[in-house]
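Peer 1: whatever this is, show me its structure:
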Amino acid sequence: MRNYKDTSGRIVSEVEAVLKQVDPREVETLVRELIAAEKVFLFAVGRVFLSLQCLGKRLGHMGIDCQAVGAVNEKPIGSRDLMLIASGSDANAGLSSIQPMSTLFDRCLHLFGDAVTLMIQDAKGLKKEELWRHHANLE
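Peer 2: Model prediction:
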């Protein structure tokens, strides 16, 4: 059996290595595009879709209208909209991982989405307290 401390440290190191490979200029472009979009459409499958939905939920908190492709209430896409597609099928982009299948991609997508969300929050000048107005209240 693997040692927890060593295993969790390796997972964190793998995620850090992937996130450091992302070009900050491309992320800044994505943030601008997300803010400018009328609606954002999300498409993925499986666990990757779950991670992408987390980003969609956070974008909703930022006041950005997100639509899941295939949802029963999906709106039509237009020329001022943006579509985000995520796929973990590209075999860890040449990285060796102790994590099974696309788990490294799923984790990195989730954390990447959190970073993008914080950048949007800063760009829009939103305070944490303001985000609650877009949060679900049927809990």
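
Peer 1: same question for stretch 58-76, mean pLDDT?
Peer 2: Averaging pLDDT along stretch 58-76 yields 94.

Peer 1: quote the end-to-end distance of that stretch.
Peer 2: 21 Å (Cα to Cα, to the nearest Å).

Peer 1: could you find the closest non-adjacent residue to the most centrally placed residue in the chain?
Peer 2: Of all residues in the chain, the one closest to the mean position by Cα atoms, centre = their mean is Gly113, 3.0 Å from it. Nearest in space to Gly113, with sequence neighbours left out and distances taken as Cβ to Cβ, 6 or more residues apart in numbering, is Leu55 at 3.2 Å. In short, each C-beta sits where N, CA and C put it, glycine included.

Peer 1: how much space is there between the one you found and Ser13?
Peer 2: Distance, Leu55 to Ser13, by Cβ to Cβ, to the nearest Å: 23 Å.

Peer 1: if you count surrounding residues, which of those two has more?
Peer 2: More crowded of Leu55 and Ser13, by other Cβ atoms under 10 Å: Leu55, with 22 against 11.

Peer 1: how about the contacts made by the more buried one?
Peer 2: Leu55 makes contacts with 42, 84, 109-110, 112-113, 116-117, as judged by Cβ atoms under 8 Å, 6 or more residues apart in numbering.

Peer 1: surely Phe43 and Ile85 touch.
Peer 2: Yes - the pair Phe43 / Ile85 is scored as a contact, 4.8 Å apart, by Cβ atoms under 8 Å.

Peer 1: ok, the two, which is more surrounded?
Peer 2: Remark: of Phe43 and Ile85, Phe43 carries more neighbours, 16 against 11, as counted by other Cβ under 10 Å.

Peer 1: distance-wise, check the more buried one relative to Gly56.
Peer 2: According to Cβ to Cβ, Phe43 stands 11 Å off from Gly56.

Peer 1: and for these two, which residues touch both?
Peer 2: Common contacts of Phe43 and Gly56 (Cβ under 8 Å, 6+ apart): Ala68.

Peer 1: wait, Ile64 touches Val40, no?
Peer 2: Yes - contact criterion Cβ under 8 Å: Ile64 and Val40 qualify, at 5.8 Å.
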